[in-house]
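**Q** Provided below for reference: sequence and predicted model.
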Amino acid sequence: MKIKKVTKAVFPVAGMGTRFLPATKSIPKEIMTLVDRPLIQYAIDEARAAGIKDFIFVTSRGKSALEDYFDYSPELETALKRAGKTDLLEILKSTNMDSGAIAYVRQNRAMGLGHAVWCARKLVGDEPFAVLLADDVIAAEKPCLQQMVEAYAETGGNMVAAMEVSPQRISSYGVLDVDQDNGNVVRAKGMVEKPKSEDAPSNLAVIGRYILSPKIMTNLNKMKQGAGGEIQLTDAIAEEAASGQVFGFRFRGQRYDCGSKAGFLQATVAFGLSRPDLAEEFGAYLHDMMALQKAAQ
């Protein structure tokens, strides 16, 4: 059977971002900047690199600034042209999205990730689709979703990005119950949402990149509230495991949890040091800070 290409992606961006209050009182978490680019821009760029053409945002009240971010800004473009700032102009143009490339649907009630994805069902239709969580920023030579799309072309079914985590952290994730381990790709016989460490079937945790079949939407249609009183995407994916259609993908790269303050700061340091225009000055500052901290101990 020919495996359909993945050209649609869902971006669940309806969350309130309470862990970043008071900043998120007026600024959507997804446009908080990591160095000089919003979190959502990293996700969009990753999706583009993977061949995504249609971008579906699941939003909520208070997200108008996120929607405005992808609009053209003719006044700013004109000002940059007049000032001869061509490099900045090219950066600005790279953030623009063509008319019709982005569609927005509302999640009226906060009922979990599964419910957010289900809200996009009519736009997804009968096609495989990707889901990207902007909180998870992945530094990789080849973007994570692109790696997954290439692996998916061989497996079909449903694929989730996975990484090994310590027992102390496993209860924060959906976890794969591994049937066959073939290196980068593992076949799962089940998934468990946020198990206790002693009950976890493996140490392979699911993070915020998915390639899903339209059957997942059918499963979500009949889902009841699960862990945490929410409709869990993990439960809908787990239903497909019995037929051997769930795969975990060990991606190559470093994932940063930018949904937490510590993770956001770690990503800021890593991405700042990776920038040629910032590395020397920023690295020297961090070195001096560490020296001062050691001297104070």
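**A** That came through fine.
**Q** Next, give phi and psi for the one residue sitting closest to the centre of the chain.
**A** In the chain, the residue lying closest to the centroid (C-alpha atoms, centre = their mean) is L133, at 2.5 Å. Main-chain torsions, L133, degrees, to the nearest 10: phi -100, psi 120.
**Q** List the contacts of the closest residue to D136 other than its chain neighbours.
**A** Distances taken as C-beta to C-beta, 6 or more residues apart in numbering place G208 nearest to D136, at 3.6 Å, with adjacent residues excluded. To be clear about C-beta, it is placed using only N, CA and C from the backbone, and glycine gets the same treatment. Residues in contact with G208, defined by C-beta atoms under 8 Å, 6 or more residues apart in numbering, are V131, L132, L133, A134, D135, D136, A161.
**Q** Now, the residues you listed that are in strands?
**A** V131, L132, D136, A161 (DSSP state E).
**Q** follow-up on the earlier one: isn't the residue nearest to the centre of the chain up against V10?
**A** No. With contact defined as C-beta atoms under 8 Å, L133 does not reach V10; the gap is 9.9 Å.
**Q** For the residue nearest to D136, report the pLDDT, please.
**A** Model confidence at G208, expressed as pLDDT, equals 93.
**Q** can you check the one 5 residues further on too?
**A** Listed pLDDT for S213 reads 94.
**Q** Report how many residues lie close to M148.
**A** Applying other C-beta atoms under 10 Å, we find 24 residues neighbouring M148.
**Q** Export the strand or helix carrying it to PDB, keeping only CA atoms.
**A** Taking DSSP states H and E as the definition, M148 sits inside helix 144-155. Extracted C-alpha coordinates of helix 144-155, given in PDB (Å, rounded to 0.1, in the frame of the first residue of the first chain):
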ATOM      1  CA  CYS A 144      13.300  16.300  14.000                       C
ATOM      2  CA  LEU A 145      10.100  16.200  12.000                       C
ATOM      3  CA  GLN A 146      12.000  15.800   8.800                       C
ATOM      4  CA  GLN A 147      13.800  12.800  10.300                       C
ATOM      5  CA  MET A 148      10.400  11.400  11.300                       C
ATOM      6  CA  VAL A 149       8.800  12.000   7.800                       C
ATOM      7  CA  GLU A 150      11.700  10.000   6.200                       C
ATOM      8  CA  ALA A 151      11.200   7.100   8.700                       C
ATOM      9  CA  TYR A 152       7.400   7.300   8.300                       C
ATOM     10  CA  ALA A 153       7.800   6.700   4.600                       C
ATOM     11  CA  GLU A 154       9.000   3.200   5.500                       C
ATOM     12  CA  THR A 155       6.600   2.300   8.300                       C
END
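**Q** Contacts for it, please.
**A** With contacts defined as C-beta under 8 Å, 6+ apart, helix 144-155 is touched by 3, 6, 9, 46-47, 49-52, 128, 130, 132, 138, 140, 159, 161, 184-185, 209, 211, 247, 249, 251-253, 255.
**Q** how close does the closest residue to I27 other than its chain neighbours sit to E77?
**A** Leaving out its chain neighbours, the residue that sits closest to I27 by C-beta to C-beta, 6+ apart is A65, at 6.5 Å. Distance of A65 to E77, computed by C-beta to C-beta, to the nearest Å: 19 Å.
**Q** which residue ranges form the helices in this structure?
**A** 39-49, 64-69, 74-82, 86-94, 113-118, 121-124, 144-155, 215-221, 233-238, 261-273, 279-296 (DSSP state H).
**Q** and L176, which of these is closest to it?
**A** helix 233-238 (9.6 Å; C-beta to C-beta).
**Q** who does the closest one touch, helix- and strand-wise?
**A** helix 113-118, strand 185-193, strand 204-212, helix 215-221 (3 or more C-beta pairs under 8 Å, 6 or more residues apart in numbering; DSSP states H and E).
**Q** Could you export these to JSON lines, including columns for distance to V175?
**A** Output for those, formatted as JSON lines (distance: least, C-beta to C-beta, whole Å):
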{"stretch": "helix 113-118", "distance to V175": "15"}
{"stretch": "strand 185-193", "distance to V175": "5"}
{"stretch": "strand 204-212", "distance to V175": "6"}
{"stretch": "helix 215-221", "distance to V175": "18"}
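**Q** I'd like to know which of those lies nearest to R82.
**A** Of those, nearest to R82 by C-beta to C-beta is strand 204-212, at 40.6 Å.
**Q** Show me the shaky parts of the stretch 151-297 of the chain.
**A** 223-229 (pLDDT under 70).
**Q** Neighbours of T7, how many?
**A** 14.
**Q** thinking it is in contact with I56, fair?
**A** No. With contacts counted by C-beta under 8 Å, T7 stays clear of I56, the gap being 11.3 Å.
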